[in-house]
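**Student:** Need a 3D model of the following:
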Amino acid sequence: KPSHNPWTGIPTLTLSKISRASAAQRAGRAGRTRPGTCMRLFTKVDHDRRPEFDAPELARLDLTAAMLDLRGGGITDPRTIRWFEPPPEAAVDAAERLLQRLQALAPDGSLSPMGRAMLKHPVHPRIARLLEEARARDVAARGATAAALLSERDIHRRTAHTGSDVRVASSDVIVAIEDFERWKRDGRSVTHTLGLDEGACRIAQQVERQLARSIRAKPCTRPLHRIEDGLNLALLAGFPDRIGRVRPGASGALQLVFAEGGSADLDAQSAVRDSELAVALAVDERRGRQGALTTVVRSAAQVEVDAL
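**Tutor:** Next comes the predicted model:
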């Protein structure tokens, strides 16, 4: 089930038992072509102990985009709405705080000029803020590419680079853009060499074109190293609450200790190795050998102290 931690801003994907209502719905789906027998691979006692209904998505997912949409509709205080099912107060508070940090809200809670600009983009408010900052720093085209790569599934197969093959860069987005540009130029001939997912690359290319039109980005002719600083600042603008200090963990792997509490392992394939501070851009929860869940930063970007 997709879920969301309102305190850390980190999306989660958890395994849990379906509710009785969901089990009944799935049995009906199995018998939609003709009558038959549906066998559940769990006992009746197990079934009867399960919750009657699933928790609604409103109680589980990130509400930042919904809160921004309400502002766009002129609703300054979402708590004044007569909700069919009220969202959790913690989730609303977390969404409001993030919108303030993204500069989407004016001091009185209404939509700011930045928030109004963010509403024009068909993406999560974090990515919309990234796009607007990239445009302001004259790296709009690269910002659209970065936004597309962060919005969709990873273009790299996770077994592609290990050990000494890991590249070092100021951000994993820079590495992804380099490989993505090579794929666009050379096609399938580099897919295996770079460990790329062909389908993910095609989807990212479609999204990149859509977002480039959304911010009216002109093609970028400058090399990546010339626009790297501006792009990293745009990434920071979209993820200001995920800043952390990079330090060695107990197992020897690098960890990111977040400024707002908690920590996460830095993926062994991450290109961010030589930075004191970094911002987490893509985070997964993975189940280890002992069954324990571990939070892993899959994509990060270097942060300079002066940028804060």
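
**Student:** The helix or strand Gln206 falls within packs against which elements?
**Tutor:** In this structure, Gln206 is located in helix 198-214 according to DSSP states H and E. Helix 198-214 sits against helix 140-151, helix 172-186, with contacts defined as 3 or more CB pairs under 8 Å, 6 or more residues apart in numbering; DSSP states H and E. (Glycine included, C-beta is placed from N, CA and C.)

**Student:** The shortest one to helix 172-186, inter-axis angle?
**Tutor:** Put plainly, it is helix 140-151. Angle of helix 140-151 versus helix 172-186, following axes from the mean of the first three to the mean of the last three CA atoms, to 10 degrees, is 100 degrees.

**Student:** Over to the closest residue to Asp172 other than its chain neighbours. Which of the three states is it?
**Tutor:** Distance criterion CB to CB, 6 or more residues apart in numbering; nearest residue to Asp172, sequence neighbours excluded, is Ser299 at 4.2 Å. Judged by DSSP: H, G, I helix; E, B strand; the rest coil, the three-state class of Ser299 is strand.

**Student:** Redo the helices and strands packed on helix 198-214 as CSV? Include mean pLDDT.
**Tutor:** CSV is the format used below for the helices and strands packed on helix 198-214 (pLDDT from 0 to 100):
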stretch, mean pLDDT
helix 140-151, 94
helix 172-186, 93
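
**Student:** ranking those by burial, who's on top?
**Tutor:** Ranked by mean neighbour count, the helices and strands packed on helix 198-214 are led by helix 140-151 with a mean of 26 (mean count of other CB atoms under 10 Å).

**Student:** how far off helix 198-214 does that one point, in degrees?
**Tutor:** 140 degrees.

**Student:** hmm, back to that, tell me which of the helices and strands packed on helix 198-214 sits nearest to Val257.
**Tutor:** In terms of CB to CB, the element of those nearest to Val257 is helix 172-186, at 18.4 Å.

**Student:** what does that closest one contact?
**Tutor:** The contact list for helix 172-186 (CB atoms under 8 Å, 6 or more residues apart in numbering) reads 142, 145-146, 149-150, 155-156, 167, 169, 190-191, 194, 196, 201, 204-205, 224, 228, 231, 235, 270-272, 281-282, 298-301.

**Student:** all helices of this protein, in order?
**Tutor:** With DSSP state H as the criterion, the chain has helices at 20-30, 44-49, 64-72, 89-101, 113-118, 125-136, 140-151, 172-186, 198-214, 224-238.
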